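Asks: what follows is a protein structure lacking sequence information:
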């Protein structure tokens, strides 16, 4: 801002004249003449709007308050944040229930003579079979397809076929015993009635039971015989017992295993607390899987990425075969794929087929697992739809306020500065943690700002604090140091749920600094000096012929200030100290700190001979203005200060003889 007050240059003295009738007497008389106006300074008008540096200030209209008015935009992106870091994960999935190759039935028979040892002579004859109390008959049964099982589900069917030659009835019981596990009772079957030649079946649920391959049955109880009727007793008359396995699935076993499939799965969380991905287009990345086969048999795998789709919108999958007790790796290239993580995890489907040798027994448990190690590279996303809570750097803003702060402003205290920061067309809410830094000649002051802004809000800094919260210090405190520069930098956190954002998307930042010249002053003063351009002849005339003199000036004050104006003169620019006059500036009428009616006054001051001679001998003048304390005022583009023509008036000696002689001398 240029100097607030530029004082008017001395004007050339105007010519003056009068008409005189000289007497014919060669000795002309002398007399005094009164001259009312000898112009000393020509009038001029100072408009503040014309004096302010247009680089620094803006005027929106003729009567608007002059202000620094900076508005601009910048932007930032999130391309460096749209990524998931490299990580190492592993997962394993247990086999669960295992099918065993136990399909062969086992059977035995309890012969007639084992039930009736005393009637062995009746074999091959027709006879009446008496009632008997059966001495317990034990028969062993051994399975060849397994050694032991912890049954998860399934059982066996117990078949009893009556080939004794007569109806089996009475109070007869059959116990099924696990002989290999200490003769543990598995089940007792009541054989109430089985017709000759017929088969009775009983299903035995083995779920939750531990079974060895060595079983036995025990027949005992009271048998009615043929109920007094004669029957044919064949040589091979017997009770047949058969055990048939039914759909046995085990949690643990040492057994022969059939070829079978297992559906396994695993997952890895590639999300961050700061970025929960719902859907994304992947720009680059890969997933490497290392599969460990710790089983005693080979496996065939088909591994599919449940959440990742290729360019044809199909799941990505690979197949691999791994021999027993070995490992292999596969890699999924993720470039230009699509990921869907609504369930928050990256999921894998694993279809595993085992192919055990048919003539070999394997020890296996449902808790045995397939282990896969996952190495996920850094994944960069082309675009993301998800939940954002990302921190990034706020785009640094630099603005020049005063390249060279005007000296006239040093005693001014400005009342308001409005700084706004808003985000343009952004889907996010924001949390700002920035510093507003004012810099001047190596002096730095900071105003820290920590605040949250919703999607459509703006940051407003003014004399009322942050968004009118009346916090202190304020932006006004920074501006009143008259900084050369203001910088805004720091961090910003973007927040939003189910927001779609691309790496090429920009978040616009619109900011403005509106600095109206609304000010107050305390002990402010200004000076303006210039040379007096008085011709030598005029100086001599004034010094030799002045009888009495005065000075007259009119002032119109359209500035929002009041104070005192002093006129000083001196022989050179380093010695302007002789005070000629001091007057009060007329006070303007202010409403809300804005001038509505200028103040005006006319001053006439008598000059004694010494003060007049000081003016006549001076080569420089200076106006000093001291400004009264002002609580609040505003400068507009049309504010002005007018010092009307400054006149010298007085009584001067008129000497025609002297003038005539001078003329004659000139003619001669």
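Replies: That came through fine. Keep in mind the model is a prediction, meaning the values are calculated, not measured. Numbering: from 1, shown residues only.

Asks: what is residue 233 paired to in the beta sheet?
Replies: residue 125 (DSSP bridges).

Asks: dump the residue contacts of it.
Replies: Residue 233 sits next to 112, 122-127, 129, 165 when contact means Cβ atoms under 8 Å, 6 or more residues apart in numbering. (C-beta placed from N, C-alpha, C; glycine too.)

Asks: nearest residue to the most centrally placed residue in the chain other than its sequence neighbours?
Replies: Per Cα atoms, centre = their mean, the C-alpha nearest to the average position across the chain is that of residue 494, at 2.2 Å. Nearest residue to residue 494 in three dimensions, chain neighbours excluded: residue 428, at 4.1 Å (Cβ to Cβ, 6 or more residues apart in numbering).

Asks: right, and that neighbour touches residue 497 too?
Replies: No. Residue 428 is beyond contact range of residue 497, at 10.1 Å (criterion: Cβ atoms under 8 Å).

Asks: of these two, who's got more company?
Replies: residue 428 (21 against 12; other Cβ atoms under 10 Å).

Asks: quick check: the gap between that one and residue 507.
Replies: Counting by Cβ to Cβ, to the nearest Å, the gap from residue 428 to residue 507 is 7 Å.

Asks: joint contacts of those two?
Replies: Between them, residue 428 and residue 507 share the contacting residues residue 494, judged by Cβ under 8 Å, 6+ apart.

Asks: before we move on, the earlier item: any idea which element the residue nearest to the centre of the chain lies in?
Replies: strand 485-502 (DSSP states H and E).

Asks: that strand pairs with which strands, and in what direction?
Replies: Assessed with DSSP bridges, strand 485-502 is paired to strand 379-400 (antiparallel), strand 429-440 (antiparallel).

Asks: excluding covalently adjacent residues, which one is nearest to residue 269?
Replies: In space, residue 269 is closest to residue 345, 5.3 Å off (Cβ to Cβ, 6+ apart).

Asks: you'd agree that neighbour is up against residue 276?
Replies: No. When contacts are counted by Cβ under 8 Å, residue 345 is not listed as touching residue 276 (11.1 Å).

Asks: and for the nearest residue to residue 328 once chain neighbours are set aside, the neighbour number?
Replies: Leaving aside its chain neighbours, residue 328 sits nearest to residue 322 (5.1 Å; criterion: Cβ to Cβ, 6+ apart). When neighbours are defined as other Cβ under 10 Å, residue 322 has 18 of them.

Asks: residues contacting residue 322?
Replies: By Cβ under 8 Å, 6+ apart, the neighbours of residue 322 are 291, 293, 298-299, 301, 328.

Asks: beta-bridge partners for residue 529, please?
Replies: Under the criterion used here (DSSP bridges), residue 529 is bridged to residue 622.

Asks: show me what the host helix or strand of residue 173 is packed against.
Replies: For residue 173, the host element (DSSP H and E) is strand 168-178. Counting contacts by 3 or more Cβ pairs under 8 Å, 6 or more residues apart in numbering; DSSP states H and E, strand 168-178 is packed against strand 146-163, strand 184-194, strand 214-223, strand 238-256.

Asks: helices or strands up against the second one?
Replies: Which is strand 184-194. The contact analysis (3+ Cβ pairs under 8 Å, 6+ apart) places strand 184-194 against strand 146-163, strand 168-178, strand 199-205.

Asks: could you dump those strands into CSV and include mean neighbour count, mean pLDDT and distance to residue 264?
Replies: As requested, the helices and strands packed on strand 184-194 are exported to CSV (neighbours: other Cβ atoms under 10 Å; pLDDT from 0 to 100; distance: least, Cβ to Cβ, whole Å):
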stretch, mean neighbour count, mean pLDDT, distance to residue 264
strand 146-163, 19, 96, 17
strand 168-178, 19, 95, 33
strand 199-205, 14, 95, 28
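
Asks: what's the closest of those to residue 577?
Replies: Judged by Cβ to Cβ, the one of those that comes nearest to residue 577 is strand 146-163, at 114.5 Å.

Asks: which strands or helices does the closest one pack on?
Replies: Looks like strand 146-163 contacts strand 168-178, strand 184-194, strand 199-205, strand 210-212, strand 238-256 (3+ Cβ pairs under 8 Å, 6+ apart).

Asks: that one pairs with which strands, and in what direction?
Replies: strand 199-205 (antiparallel), strand 210-212 (antiparallel), strand 238-256 (antiparallel).

Asks: what would the contacts of residue 233 look like in TSV with distance to residue 483, pLDDT and neighbour count?
Replies: Formatted as TSV, those follow (distance: Cβ to Cβ, whole Å; pLDDT from 0 to 100; neighbours: other Cβ atoms under 10 Å):
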residue	distance to residue 483	pLDDT	neighbour count
112	119	96	23
122	127	91	19
123	125	93	16
124	128	92	11
125	130	94	13
126	130	94	10
127	129	94	15
129	123	95	24
165	121	94	19
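
Asks: what's the closest of the residues you listed to residue 474?
Replies: residue 112 (114.1 Å).

Asks: my guess is that closest one meets residue 237, correct?
Replies: Yes. Between residue 112 and residue 237 there is a contact at 4.0 Å, judged by Cβ under 8 Å.

Asks: so can I have TSV of the helices and strands packed on strand 184-194 showing distance to residue 73?
Replies: Output for the helices and strands packed on strand 184-194, formatted as TSV (distance: least, Cβ to Cβ, whole Å):
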stretch	distance to residue 73
strand 146-163	68
strand 168-178	85
strand 199-205	77
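
Asks: with respect to residue 309, which of those strands lies nearest?
Replies: Nearest to residue 309, of the helices and strands packed on strand 184-194 and by Cβ to Cβ, is strand 146-163 at 36.3 Å.

Asks: which SS class is residue 476?
Replies: helix (DSSP: H, G, I helix; E, B strand; the rest coil).

Asks: ranges for the helices of the stretch 551-668 of the chain?
Replies: 609-617, 656-667 (DSSP state H, counting those that start in this stretch).

Asks: select from these the stretch with the lowest mean pLDDT.
Replies: Of all these, the minimum mean pLDDT falls on helix 656-667 (a mean of 45).

Asks: return the set of buried residues in stretch 476-487.
Replies: Using 16 or more other Cβ atoms under 10 Å as the test for burial, stretch 476-487 gives 476, 478-484, 486-487.

Asks: quick one: contacts for the residue nearest to residue 174 when sequence neighbours are not counted?
Replies: In space, and not counting its chain neighbours, residue 174 is closest to residue 189: 4.5 Å by Cβ to Cβ, 6+ apart. Residues near residue 189 by Cβ under 8 Å, 6+ apart: 158, 160, 173-176, 202.

Asks: sorry, back to before: residue 256: which of the helices and strands packed on strand 184-194 is closest?
Replies: Closest approach to residue 256 among these (Cβ to Cβ): strand 146-163, 6.8 Å.

Asks: could you check the angle that closest one makes with strand 214-223?
Replies: For strand 146-163 against strand 214-223, the angle by axes from the mean of the first three to the mean of the last three Cα atoms, to 10 degrees is 30 degrees.

Asks: residue 249: which of the helices and strands packed on strand 184-194 is closest?
Replies: Closest approach to residue 249 among these (Cβ to Cβ): strand 146-163, 4.8 Å.

Asks: report the beta-bridge partner residues of the nearest residue to residue 184 once chain neighbours are set aside.
Replies: Nearest non-adjacent residue to residue 184, counting by Cβ to Cβ, 6+ apart: residue 178, 4.5 Å away. For residue 178, the beta-bridge partners are residue 184, residue 215 (DSSP bridges).

Asks: list the residues that contact residue 178.
Replies: 184-186, 211-212, 214-215.

Asks: which two among those residues are spaced furthest apart?
Replies: 185 and 214 (14.3 Å).

Asks: so between these two, which is more surrounded?
Replies: residue 214 (16 against 10).

Asks: doesn't residue 422 belong to a strand?
Replies: Yes. Secondary structure of residue 422 (three-state DSSP): part of a strand.

Asks: and it, how many neighbours?
Replies: There are 18 residues near residue 422, going by other Cβ under 10 Å.

Asks: which residue packs closest to residue 558, ignoring adjacent ones?
Replies: In space, residue 558 is closest to residue 598, 3.8 Å off (Cβ to Cβ, 6+ apart).
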